[in-house]
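**Q** turn this into a model:
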Amino acid sequence: MPLKIVKIRRPTVDDALNGLILTSSVTKEIADIMQFPPAQAAAGVLLLVFETIQHVQTSKQDCYRLAQRCLSLLVEMRDQMGGRWDSAPPSLIKALSKYEETVQSIHKFMQEQADQKWSSRLIRKGTIDTALKHHNQALDDAARSFQIATLISIHLSVGDPAEQSQAAAESKATKALEKEEVAREPTLPPYASQVVVISDAEDLCSSPVPVSATTDTFSLTGMSDISSISNSTFGTEEGRPDSPAQTPFDPDEYKIVEHHGFNQYHQSQFRIKGKSRIKGGWWADTVEGEVDGRKAIMLRYEDSSRRNAMKRWMRDVKILQMVYHPNLPQMVGYSNDETPTPFIMLANVQTRLPQAMLLDAIKNGSLAICARLLLRFYQDTLDAALYLQRQLDLSDSKLQDYVENADYRIDAEETVVMGLPGSEIDNIESWRNFGLAWSIRNIYLRLIPNRLNANAPVDPDEKTMTVERQRKVNHLTILARALLPDADNLDLAKARLSSVLHPTTDEDVDEEAEPAPLTLRQIRRVAFDGPQQAWQQKTVPPHKFSVGDLGYMPDGSSDWADFVVLTNVLKDGQAAFEVPSYATGRQGAWVNRAYDTQNLAAYERPGGVYGWAVAVPPEAECDLYIVHETVITRVQEAWSYLLDAGIALAKTHGVKPEELILVTRIGTEQRFRVKDLRTVQYWPASITAPQSFGNPYQQSHLSDPFSRNGFGHQFGHGGGSRMGALIHGQDLSVKMFYLFTSGDKDHASYFSDRPVPVSLRPGEKPPELDSRIVKCFAYRTATYGFLGYVQLHAEDFT
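**A** Residues are numbered from 1 along each chain as shown. The predicted model follows:
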């Protein structure tokens, strides 16, 4: 994955001047607050917090934002309690003490971060972000305590209405008595005030004063500051209880303060036209209709928990306010504060799945249209992903999380639109060994309906698609594999996409004119620069075909035994390709109820003969798989030759050019079975074995590294653990013999106890293993043939 280059701007004189102005304004605010005795300690600690932030290097903006919240809360306390600190109730003083403890904790945390080295800050980046979240929550708790203390103070001041009416009646009676006694008593009695003390929480909850009125009057603005989107704080509430009684839902906590020019709507302003059939993903629960005279869709956020719905809504609104791209959702507006169910208004109407559009193109369009469609999907998604990364400052890994988990739709203008992933993605950390290009490539390869199973143009066992549709889908698969970039170098990926979607024009052509789209023939040539691909046939008659054979399959036949060879372009000199031969071998055996295989090393002898050394321990039973193949080194050359000469060759041999098949790879797989006839004998467990003064065979069995074959199979099938000792005098040595094979159909494979093959005359039988040296069965069980070939589509020749 390419390294991310971050450009750091050098600090200038203006930056220093702005920092000085900001610091002086903060100092002035704190100096004003320190005039009030109860807030002096908290203000002093807060001043130390601002000074410490100057030395913090990691998450400096988040730390400064947290300190600004502390200052805003303290300023709000000063404004509300100005001139009333002497009469402040003990509950407010206690709430202020809790706020002071929170500020001290924040100062201690920031001081620790400022003293750490850069390596420790890098390792503890996630821990620092989590600590900032906890301190924000602690500050919310302190603010909430101040609000509760304020409400209690209001309740004590207002009192119970019933008691107030009774006090008013008593006041009237008192005034009447005063009028009667005024002549007799020149002075009034002292006023006796009644103090009401509420000690039970139920009394507070049952207060007749509307809670909303008191909350609106004394609510503190900025107490629920929304954290940055990249920190992913909208998905879960860490450290907060889920019980509504402990954390009541506050709608003011999820209000959008900055609208950035977007409109707010009530649901009554939206005229419903129809409901979408999308059941899952980000686009679910959408409703089509009109608002302000234009078409739009309403994306509603419905959840059993209103808090969770508001979280998801606010997260998506914040993201969509920051992005403006043709391949991302186009937000028109969102719900206002009076709407019970939050929603977002989008301009993307009449959407459908990309797979539905691709299937429609396969059914009604050409193969070139289908290829260009996949390439356009890829290019638009790549462009939108890179734009989203720049706007949201996403890491490469988080960007791939967004891309792989997003829901993609096609709008009415046939533009791919990448929906937003779920909020749970924000809290996931992932690692990959591939880049963004591979992620996007994999998304659109999965849209092809054959599940990437394209070994041949037509599969006779496929019954769900017609023959013509199979050809189109399978050719589209190999084109997509070659054209859709998977490299980490995104510049190369963009260049390949542009070469197909935006081909360059000649100088004499108007640059403003739209260039003509590439034909399938031109697209195919661009695909030649991609990975090597060819059609494969796994089972064919062995030794029937040769590399360079040009032919066709008779109409209605799928049996390769009926293949008609017209010519061999290599033997006839019509083409020249590099055609090497290879040989590989494997040895397999059952070990602990599992079939294990290992590679065999070959040594080549004259005449295209290969030798294979086989080691056989006692009681061993294994299979040998020997593969000989001849292949054109660059298959793209065979594709290009057939594309250039296909029409002329078809006219020469009287067939259609799309029927021509050029063999590019042939091979055979020979299978052999080896079984050792020796039996390892043990003394019975009840009999004590006689002492031995050195049996060479037994010693070789015990010390020779070949006493265990390559598959961990122990002689006697582990019987030594259930039986007695080995009986002396047995031949337990590992027997070595050799297998000689060739890809030539005239060569007969055979086993020999000598490492050098013998020259056989025509009709002469190969030698056999000496039964006095090697006691085993070794024979060939089967021979299979396979081949690779190239065959073009009819559209390649139009």
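**Q** what ranges do the strands span in the stretch 451-600 of the chain?
**A** Applying DSSP state E, counting those that start in this stretch to the stretch 451-600 of the chain gives strands spanning 535-540, 549-552, 564-568, 581-591, 594-600.
**Q** same list, those strands, but as CSV with distance to residue 750, mean neighbour count and mean pLDDT please.
**A** Bear in mind the C-beta positions are built from the backbone N, C-alpha and C, glycine included. As requested, those are exported to CSV (distance: least, CB to CB, whole Å; neighbours: other CB atoms under 10 Å; pLDDT from 0 to 100):
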stretch, distance to residue 750, mean neighbour count, mean pLDDT
strand 535-540, 25, 15, 94
strand 549-552, 29, 21, 97
strand 564-568, 30, 16, 96
strand 581-591, 15, 16, 93
strand 594-600, 16, 13, 92
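**Q** closest to residue 319 out of those strands?
**A** strand 535-540 (45.5 Å; CB to CB).
**Q** what segments of the stretch 551-700 of the chain are helices?
**A** Taking DSSP state H, counting those that start in this stretch, the helices of the stretch 551-700 of the chain run over residues 635-653, 696-703.
**Q** who are the packing partners of the longest one?
**A** Taking 3 or more CB pairs under 8 Å, 6 or more residues apart in numbering; DSSP states H and E as contact, the helices and strands that helix 635-653 lies on are helix 520-527, strand 564-568, strand 661-676, strand 776-790.
**Q** the shortest one to helix 635-653, inter-axis angle?
**A** Right, the one you point to is strand 564-568. Orientation of strand 564-568 against helix 635-653 (axes from the mean of the first three to the mean of the last three CA atoms, to 10 degrees) gives an angle of 110 degrees.
**Q** residue 77: what's it in contact with?
**A** Residue 77 makes contacts with 39, 96, 99, 146, as judged by CB atoms under 8 Å, 6 or more residues apart in numbering.
**Q** any stretches of the chain with poor pLDDT?
**A** Residues of the chain that meet the criterion pLDDT under 70 lie in 1-26, 28, 32-38, 81-88, 117-127, 149-252, 504-515, 689-723.
**Q** closest one to residue 415 among the helices of the stretch 551-700 of the chain?
**A** helix 635-653 (32.7 Å).
**Q** next, the buried residues of the closest one.
**A** For helix 635-653, a neighbour-count test (16 or more other CB atoms under 10 Å) marks 635-639, 641-643, 645-646, 649-650 as buried.
**Q** now these in CSV, with distance to residue 256?
**A** Formatted as CSV, the buried residues of helix 635-653 follow (distance: CB to CB, whole Å):
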residue, distance to residue 256
635, 58
636, 56
637, 61
638, 61
639, 57
641, 64
642, 62
643, 58
645, 66
646, 63
649, 68
650, 67
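**Q** residues near residue 324, how many?
**A** By other CB atoms under 10 Å, the residues close to residue 324 number 11.
**Q** same thing with residue 516?
**A** The local packing of residue 516 (other CB under 10 Å) involves 10 other residues.
**Q** how about the contacts made by it?
**A** Per CB under 8 Å, 6+ apart, neighbours of residue 516: none.
**Q** can you check residue 688 too?
**A** Listed by CB under 8 Å, 6+ apart, the contact partners of residue 688 are residue 724.
**Q** name the surrounding residues that touch stretch 360-374.
**A** By CB under 8 Å, 6+ apart, stretch 360-374 touches 357-358, 444, 447, 449, 469, 472-473, 475-476, 479-480, 483-484, 500-501, 517-520, 523, 793, 795.
**Q** please consider this matter closed, and thank you.
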